[in-house]
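Enquirer: Structure of the sequence below:
(one chain, ligands or ions: 1)
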Amino acid sequence: MRPEPRGGGSAAVLTRPAGVATRLGGGVPGEVVARGFAHVRGALGAGERRVLLDEAAAARGRFLALPDRVNGVDQNADQLTLRVGDPHHASVNELAASIVDAVAGWPAEAAPTGYRPTEARYMRYTGGGAGLGAHVDGKFYRLLVCVFSLVGSARFRVVADSSGPAADVLVEPGDLLLLRAPGLGGAPDGRRRHAVGPPLDGDERISLTLRMVGGTRPA
Ligand SMILES: O=C(O)CCC(=O)C(=O)O
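Expert: The predicted structure follows:
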């Protein structure tokens, strides 16, 4: 059986991460709207990541292996999905609130109006064969997808399409990868196809992704 995420079940709760508050401005909103993704380095500090990992560890046994292949996409990872608002995941709720605060300051043409993450998913990648093949996220997710890297590094690959060229991003602990989802900037779709590779600097990588289901619908 694969190990649970490292952590000791501390009761500490995340307070609004400074990096999320300060690093999501500048050129980031324009980049997500224009390119379909943006890479924000250092959005979470080590202590903040630790609190989120400890909270996930307290949900012991609820990580489930993804099916090996879905709709032609290879998957090798375990996932723990929860509802934003779950009282057992107070730090995830704080993280979601910090994103809502940060994007509230975005300029009108990029503003993800009504954005409220509703779903959080920890992903755990173990060993050299781990990762996700090229895929797009479900169309029912709205406005923004926020992928925080908590443990380990990996190559995050964005596939070339009519929205933009290919990109190969090294995501490291604390980084946030923002992806455009339907409705952002008024676009009916705008999702970028992407893939993630195996852990690069050890045997394990853990990410935490926030998504919004429902709410604002594209025109
Ligand atoms: O874990 C990651 O870095 C990416 C996750 C992802 O692409 C997904 O869940 O669709």
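Enquirer: Please make it C-alpha for all contacts and neighbour counts, starting now.
Expert: Fine.
Enquirer: Please tell me how far the residue nearest to the spatial centre of the chain sits from the ligand.
Expert: Central residue of the chain (CA atoms, centre = their mean): residue 147, 1.6 Å from the mean position. Here the distance between residue 147 and the ligand works out to 6 Å (CA to the nearest ligand atom, to the nearest Å).
Enquirer: Name the nearest residue to that residue, ignoring sequence neighbours.
Expert: residue 209 (4.3 Å; CA to CA, 6 or more residues apart in numbering).
Enquirer: Distance from the strand or helix carrying that neighbour to the middle of the chain?
Expert: Secondary-structure assignment from DSSP states H and E places residue 209 in strand 204-211. If you compare the mean C-alpha spot of strand 204-211 with that of the full chain, they lie 6 Å apart, counting by CA atoms, centre = their mean, to the nearest Å.
Enquirer: packing partners for that strand?
Expert: When contacts are defined as 3 or more CA pairs under 8 Å, 6 or more residues apart in numbering; DSSP states H and E, strand 204-211 sits against strand 119-126, strand 144-151.
Enquirer: Make CSV from the ones you listed and add mean pLDDT to it.
Expert: Putting the helices and strands packed on strand 204-211 into CSV (pLDDT from 0 to 100) gives the following:
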stretch, mean pLDDT
strand 119-126, 97
strand 144-151, 98
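Enquirer: re earlier: could you give the number of residues near the residue nearest to residue 147?
Expert: Other residues within reach of residue 209, judged by other CA atoms under 10 Å, total 21.
Enquirer: got the contact list for the residue in the chain that the ligand sits nearest to?
Expert: Distances between the chain and the ligand by CA to the nearest ligand atom are smallest at residue 207, namely 4.8 Å. The contact partners of residue 207, by CA atoms under 8 Å, 6 or more residues apart in numbering, come to 122-124, 147-151.
Enquirer: repeat that for 10 Å
Expert: With contacts defined as CA atoms under 10 Å, 6 or more residues apart in numbering, the neighbours of residue 207 are 49, 53, 79, 121-125, 147-153, 171-176.
Enquirer: what do you get for residue 43?
Expert: For residue 43, the contacting residues are 17-24, 49, 148-149, 173-177, by CA under 10 Å, 6+ apart.
Enquirer: What ranges does the protein have for its strands?
Expert: Under the criterion DSSP state E, strands of the chain are mapped to 37-40, 64-65, 69-70, 73-76, 78-83, 119-126, 131-135, 144-151, 154-158, 167-171, 176-180, 194-196, 204-211.
Enquirer: any idea how far the second one is from the chain center?
Expert: Just to be clear, that refers to strand 64-65. 18 Å.
Enquirer: Can you name every helix or strand that that strand contacts?
Expert: Identification of packing neighbours for strand 64-65 by 3 or more CA pairs under 10 Å, 6 or more residues apart in numbering; DSSP states H and E yields strand 78-83, strand 119-126.
Enquirer: That one vs the ligand: in contact?
Expert: No. Using CA under 6 Å from any ligand atom, strand 64-65 stays clear of the ligand, with a minimum separation of 12.8 Å.
Enquirer: could you give me the average pLDDT of that strand?
Expert: On average, the pLDDT along strand 64-65 is 94.
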